[in-house]
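> Need coordinates for the following:
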Amino acid sequence: MTATNNVTRLLDAKKVLYSAHEIPAVKLSALEVSDFLDIPPQRMYLKPSS
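Residues are numbered from 1 along each chain as shown. The predicted structure is shown next:
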């Protein structure tokens, strides 16, 4: 089960589509998270297209 927190509640209330991922409880950098999730680091900072 994915954790619910204030951020996910806000996104749900605004009906924003998102993907939540479970990561280890240890503190990781953005690059370590992208490596853990096997995604390119550039995807960690995607801006919405205009």
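> can you give me the helices in the protein?
Assigned by DSSP state H, the helices in the chain fall at 6-13, 30-37.
> Show me how far the first one is from its chain's centre.
Between the mean C-alpha location of helix 6-13 and the chain-wide mean there is a distance of 12 Å, by C-alpha atoms, centre = their mean, to the nearest Å.
> again with the last one
Taking C-alpha atoms, centre = their mean, one finds helix 30-37 lying 11 Å from the centre of the chain it belongs to.
> Relative to Tyr45, how far out is the residue nearest to the spatial centre of the chain?
Centroid check for the chain by C-alpha atoms, centre = their mean gives Ala20 as the closest residue, at 5.4 Å. Applying C-beta to C-beta, to the nearest Å, the value for Ala20 to Tyr45 is 17 Å. Bear in mind the C-beta positions are built from the backbone N, C-alpha and C, glycine included.
> if you compare the helices of the chain, which one is most tucked away?
helix 30-37 (a mean of 13; mean count of other C-beta atoms under 10 Å).
> That one - what's its average pLDDT?
For helix 30-37, mean pLDDT rounds to 90.
> And for stretch 7-14?
92.
> hang on, isn't Pro41 packed against Ser29?
No: contact between Pro41 and Ser29 fails when scored by C-beta atoms under 8 Å: they sit 9.9 Å apart.
> quick one, which of these two is more surrounded?
Pro41 (13 against 10; other C-beta atoms under 10 Å).
> any idea how far that one is from Pro24?
Counting by C-beta to C-beta - Pro41 and Pro24 are separated by 18 Å.
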